[in-house]
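> when you get a sec, could you give me coordinates for this:
(one chain, ligands or ions: 1)
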Amino acid sequence: MSSALANGVAHAESAAEAQAADAADPLRGFAAEFHQPRNAKGERLIYLCGHSLGLQAKTVERYIAEELGDWREQAVHGHWAAGRPWISYHDRLSAPLAELVGASSTEVVAMNSLTVNLHLMMVSFFRPQAERTCILMEKSAFPSDRYAVVSQLQFHGLDPERHLIEIAPRSGEDTLQTADVIDAIERHGAKLALVLLPGIQYLSGQALDLGVLATCARRCGAVVGMDLAHAIGNLPLQLHDWNVDFAVWCSYKYLNGGPGAIGGCFVHDRHAHRLDLPRFAGWWGHDPQTRFLMGPQFEPQPGARGWQLSNPPILATAPLLASLEIFGRAGLPRLRAKSIALTGFLEREIERRLPGRAAVITPRAPEARGSQLSIRLHRAPAAAKACFERLTQAGIIGDWREPDVLRLAPCPLYNSFRDALDAAIALEHAAAT
Ligand SMILES: Cc1ncc(COP(=O)(O)O)c(C=O)c1O
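Next up, the predicted model:
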């Protein structure tokens, strides 16, 4: 068989497979619940960028319009009399968020943004004392996390050169080995005040073995914090059972909360009533029973809600509420099952179509990744970036992270197997030029 003919047969087989998988997909109806971005000609783009900014649910406009209506008609009375009273609006998000992260409702709160929450958590949970003064994190952490950590060390008068311990993949590797992280935690154990872990590493797409690492860090006497920006709504999580001390996340990626959406925070129940912890306080963290007595002393409400500062931005929270309602109907177990199949299919198609020309650097094992694939094209960086730009022009929306990583994430809520196949075909063409 000629290679063109063999390619044609493989292509037809893949197309048939995608069609069958889409037909059998119990979640296929959900794509129609989202606005799909289009090009200037009105053609649908294939959006594989939910790891950066999730799509807008069609119900978002109604959710926002209802709040605008209550504000217009009721003004200040809307705090108590709106269809969804604003005074307790954020509480509506707690149960669905708790479900997604494996926690009880009292352990989670929607508030602020990720980096703000990380600072608030470190104020309470990074308490350097005696020999225990160091923070351990990964070397290629998202820059905002590193800036936050370094500034917290400096705030405590600690030199980051000595008190920040960063763990990197082995030379020539792109992902961390669990054994190496365990080894680093155990080696530095007595010095560690905080171990800060990503749920999913933003560049490589690697999902860390969070339960094992949290247990290891706590056994060594360290506090465990997590950045779940790329994990929430993407992976099943068990924050309570893993005994994580705190976690923070943003909601604009897999949670589809919209640009700059309200973030979230988890504080383990064992800290729910701790009045000994220093915290930066604000009136929304005060006991709601007595908040409006306007007393001078701060009395935190128990649980994660006690870390709130301000009354939440209702118009910016409404899209997240709309999206969480969809998550509730789809269910994370079904989303995860589809995600594993969809990401595996995209990976196989890329490897089949670009042998020797591209490498997926995200781990292959489903338990070591979520929806995202990180791809390195075997070309000089400028030529690789030009491929990414051709891919974008061809209507496939992923993103590029310097110096040389293309990220594509088929999201089970709104992407199909056909989307994954079309993306792999477009990448093949973009790389052939
Ligand atoms: C892993 C990770 N951490 C932190 C951040 C910063 O988030 P924010 O700007 O909401 O504070 C991001 C943003 O994309 C991220 O991907």
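
> how about the residues of the stretch 151-300 of the chain that lie near the ligand?
Within the stretch 151-300 of the chain, the positions adjacent to the ligand are 198, 202, 227, 229-230, 250, 263 by CB under 6 Å from any ligand atom. In this view, the C-beta of every residue, glycine as well, is placed from N, C-alpha and C.

> so which of the residues you listed is the closest to N112?
When those are compared for distance to N112 (CB to CB), G263 wins out at 5.5 Å.

> send me the helix or strand in which L194 is found as CSV with only the CA atoms.
Secondary-structure element containing L194, defined by DSSP states H and E: strand 192-198. Written as CSV, here are the backbone C-alpha positions of strand 192-198 (Å, rounded to 0.1, in the frame of the first residue of the first chain):
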residue,chain,number,x,y,z
LEU,A,192,10.1,22.7,56.1
ALA,A,193,7.4,25.1,57.3
LEU,A,194,5.3,24.7,54.1
VAL,A,195,5.1,22.4,51.1
LEU,A,196,3.3,24.1,48.2
LEU,A,197,2.2,21.7,45.4
PRO,A,198,0.5,22.3,42.1
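
> what lies in contact with the helix or strand following that strand?
Counting by DSSP H and E, the next helix or strand C-terminal to strand 192-198 is helix 210-219. Contacts made with helix 210-219 from outside it, assessed by CB atoms under 8 Å, 6 or more residues apart in numbering, are listed as 136, 178, 181-182, 185-186, 192, 195, 197, 199, 223-224, 226, 237-238, 241-244.

> helix 210-219 to strand 192-198, inter-axis angle?
Helix 210-219 and strand 192-198 are oriented at 170 degrees to each other (axes from the mean of the first three to the mean of the last three CA atoms, to 10 degrees).

> circling back: please flag which of the contacts of helix 210-219 sit within helices.
Secondary structure defined by DSSP state H assigns 178, 181-182, 185-186 of those to helices.

> just how off-centre is the strand holding L194 within its chain?
Centroid displacement of strand 192-198 relative to its chain, using CA atoms, centre = their mean, to the nearest Å, is 18 Å.

> mind giving me the packing neighbours of that strand?
The elements that strand 192-198 packs onto, with contact taken as 3 or more CB pairs under 8 Å, 6 or more residues apart in numbering; DSSP states H and E, are strand 134-138, helix 143-155, helix 210-219, strand 223-227.

> just the ones you listed: most buried one?
Mean neighbours per residue, mean count of other CB atoms under 10 Å, is largest over the helices and strands packed on strand 192-198 for strand 223-227, with a mean of 26.

> now do it, average pLDDT.
In this model, strand 223-227 carries a mean pLDDT of 98.

> so C134 sits against L164, correct?
Yes. Between C134 and L164 there is a contact at 7.1 Å, judged by CB atoms under 8 Å.

> wait, a strand at R127?
No. According to DSSP: H, G, I helix; E, B strand; the rest coil, R127 belongs to no strand; its state is coil.

> give the closest residue to it in space, chain neighbours not counted.
Among residues not flanking R127 along the chain, A193 sits closest, at 6.4 Å (CB to CB, 6 or more residues apart in numbering).

> report the contact partners of that neighbour.
126-129, 132-135, 222-223.

> mind giving me the ChimeraX command for buried ones among the residues you listed?
Buried subset of those, written as a ChimeraX selection, criterion 16 or more other CB atoms under 10 Å:
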select :126,128,132,133,134,135,222,223
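
> just say helix, strand or coil for S374.
Secondary structure of S374, reduced to three states by three-state DSSP: strand.

> identify the bridge partners of it.
Bridge pairing for S374 (DSSP bridges) gives the partners R407.

> wouldn't it be in contact with V405 here?
Yes. Look at S374 against V405 with CB under 8 Å: they come within range, at 5.1 Å.

> overlap of the contact sets of these two?
Overlap between the neighbourhoods of S374 and V405 consists of 203-204, 361, taking contacts as CB under 8 Å, 6+ apart.
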